[in-house]
Structure formats: structure tokens, C-alpha cells
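**Q** Sequence unavailable; structure follows:
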């Protein structure tokens, strides 16, 4: 098995078709952490057999004075995630301090029912879709959305979408009270 080191995290690259589901899941979790670090999240991997629905935890530093706690769950499925995973992450947030943001990361996006559960949820949630670690896009955000409660906690965050070669990607921006924007 060949290993590469990417942003201080080791990921296996060979024999991916022969790896167990647990190894593929762990690699996707580590890949998701690397992608999320690019938009300002400081995360620690904590996934495993008994992770209680938390694959990573840490903080999202939006400014010198605004640091938000986050926990996340990654789903490396071959199909879109359904509403059960949104509800599960919401239940996980019941065991976390108030205003902790829950992030659900998927390789294949989310069903309409998952979006409905997400939009109506009273916990601050973010849905993110990324390709797996073997794609050639270097971890582009394919989907990024916050529900209303999360919007209230992150009013200075702006999500911009762009199209390149027919593919949609997302960029996360931070604006200050003077109207200036910076990339996270």
C-alpha cells in the first residue's frame, strides 16, 4: 500500500478497491478534514467504531473574536444521504454545547428529503458535498449550504458559487462591516 502525506495527514492511495469499508471511510474523513481546513476550520479527527456520530471536531475561526465550535460526520456513500443522517447529526448536537455547528459531509450529495429535514432543523447545520480523495479536483467544494440557525451564527459568511468546465464549485468568503471581502 502506498501512502501520501497531505496537509500533515497520511492517506492511502493504492489498493483502494481492496480496502475495507472502514479504511475507505477513514480516508474520506481525513480527506474531508483537509478540504475543510482550507476554509478556516481547525479540526481534529476522532472518527472510529464508537465515535457516537462525530468524525471530527474543532473550531471555525471567522475572525479574531468569533470562534465557533464545530462537530462533523462524514458519509462516503455511493448514493446521496437521506434525512436520517441529518436527524442523527442533530441528535449529536444535543450532547454538545449550545451553538455548536454540525457539519455533514457527503461524497454524493443529499436527497430532497434530507434538504427538507436540514432546512427545518432548529440546530445550526451545514451540508457539504466533496469528491473523494481519489478525484482530480483537489478537494473542490461541490455543495455548501447553511440552515437558518447557522446563518444566524455566521452572518458575515458569504457562499459564492462558480462554474468551470460545466462543474459548479463553491467559495467561502468573509465580509467585514465595511463591505470588504476576504477568502476563507
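**A** Received the coordinates, thanks. Note that the structure is a prediction, hence the values are computed from the model and not measured.

**Q** Not counting residues beside it along the chain, what's closest to residue 175?
**A** Of all residues not flanking residue 175 in the chain, residue 181 sits nearest, at 5.0 Å (Cβ to Cβ, 6 or more residues apart in numbering). Any C-beta I mention is one placed from the backbone N, CA and C, and that applies to glycine too.

**Q** okay, that neighbour: pLDDT?
**A** pLDDT recorded at residue 181 is 80.

**Q** Next: residue 51.
**A** Here, the pLDDT recorded for residue 51 equals 68.

**Q** three-state assignment of the nearest residue to residue 100 once chain neighbours are set aside?
**A** Leaving aside its sequence neighbours, residue 100 sits nearest to residue 69 (Cβ to Cβ, 6+ apart; 4.5 Å). Under DSSP: H, G, I helix; E, B strand; the rest coil, the three-state class of residue 69 is strand.

**Q** for residue 69, which residues make a bridge with it?
**A** Beta-bridge pairing for residue 69 (DSSP bridges): residue 59.

**Q** Near it, how many other residues are there?
**A** Residues within reach of residue 69, counting by other Cβ atoms under 10 Å, total 14.

**Q** was I right about it contacting residue 98?
**A** No: assessed by Cβ atoms under 8 Å, residue 69 is found out of contact with residue 98, at 9.6 Å.

**Q** ok, residue 105 - contacts?
**A** Going by Cβ atoms under 8 Å, 6 or more residues apart in numbering, residue 105 touches 32, 36, 72-75, 128-130.

**Q** how far away is it from residue 55?
**A** 8 Å (Cβ to Cβ, to the nearest Å).

**Q** mind checking how far the residue nearest the centre of the chain is from residue 141?
**A** Centroid-nearest residue in the chain: residue 105, 4.1 Å away (criterion: Cα atoms, centre = their mean). Distance of residue 105 to residue 141, given as Cβ to Cβ: 10 Å.

**Q** same deal with residue 67?
**A** For residue 67 relative to residue 141 (Cβ to Cβ), the value is 21 Å.

**Q** Tell me where this structure has strands.
**A** Applying DSSP state E to the chain gives strands spanning 3-6, 9-12, 41-45, 56-61, 67-75, 101-106, 125-130, 141-146, 157-164, 167-175, 181-183.

**Q** closest to residue 88 out of those strands?
**A** strand 67-75 (7.2 Å; Cβ to Cβ).

**Q** re the thing from before, which one of residue 67 and residue 141 has more residues nearby?
**A** residue 141 (22 against 13).

**Q** which one is the more buried one nearest to, not counting chain neighbours?
**A** residue 170 (4.1 Å).

**Q** Run a quick neighbour tally on the nearest residue to residue 117 once chain neighbours are set aside.
**A** Using Cβ to Cβ, 6+ apart and skipping the chain neighbours, the partner closest in space to residue 117 is residue 83 (3.8 Å). Close neighbours of residue 83, defined as other Cβ under 10 Å, add up to 18.
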